[in-house]
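> Give me a 3D structure for the following:
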Amino acid sequence: MSHQDRTDPKRRPVPGAPPGAGQPTRNTATRGPARRGPYVVAGVLLSVAILLPLMPQTYSFSAPTLGGMPFFYWYQLLWVPISAALSGVAYRLVTMEDRRRRAAIRAGAADADVDEANGDERS
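Predicted coordinates for the structure are as follows:
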């Protein structure tokens, strides 16, 4: 038995946890189950932002020029805002999924509080 498993009467309950749940342990879930989709899309977006600029054979020529600047240079400069936008979209997808997963755990704890208040015990 580790020192974290012992109950301390001076410790306050965790906000949002069902009554009697005590302090969270190493095995306490903090997030609900993950969906694969947002993480896959974020990975593809980040891969595009990294891999396409690393393939110079696709843009190593001088025509067309833009303001006297060869294609080789302005194409690479164009990838700076594109990569920032793709990274921002990937970040947004992952944070929205993380919020959804945290809300799923909170909703489960809230459902347990409501059920306990109504006298409904589930086994």
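> Pull out the buried positions in stretch 31-41.
Under the neighbour-count criterion of 16 or more other CB atoms under 10 Å, stretch 31-41 has residue 38 buried. No exception for glycine: its C-beta is placed from N, CA and C like everyone else's.
> And the helices in this protein?
Per DSSP state H, the chain carries helices over the ranges 36-51, 71-117.
> Against which helices or strands is the shortest one packed?
Packing contacts for helix 36-51, counted by 3 or more CB pairs under 8 Å, 6 or more residues apart in numbering; DSSP states H and E, involve helix 71-117.
> The nearest residue to residue 74 once chain neighbours are set aside: neighbour count?
Distance criterion CB to CB, 6 or more residues apart in numbering; nearest residue to residue 74, sequence neighbours excluded, is residue 66 at 4.6 Å. Here the number of neighbours of residue 66 (other CB atoms under 10 Å) works out to 12.
> of all the helices of the chain, which has the lowest average per-residue confidence?
Mean pLDDT is lowest for helix 71-117 among these, at a mean of 84.
> Let me know the angle separating it from helix 36-51.
If you take axes from the mean of the first three to the mean of the last three CA atoms, to 10 degrees, helix 71-117 sits at 160 degrees to helix 36-51.
> Let me have the helices of the chain in TSV, adding distance to residue 29 as columns.
TSV is the format used below for these (distance: least, CB to CB, whole Å):
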stretch	distance to residue 29
helix 36-51	18
helix 71-117	6
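> among these, which is nearest residue 26?
Ranking these by proximity to residue 26 (CB to CB) places helix 71-117 first, at 15.7 Å.
> show me the contacts for the nearest residue to residue 62 once chain neighbours are set aside.
In space, and not counting its chain neighbours, residue 62 is closest to residue 70: 3.9 Å by CB to CB, 6+ apart. Listed by CB atoms under 8 Å, 6 or more residues apart in numbering, the contact partners of residue 70 are 61, 62, 63.
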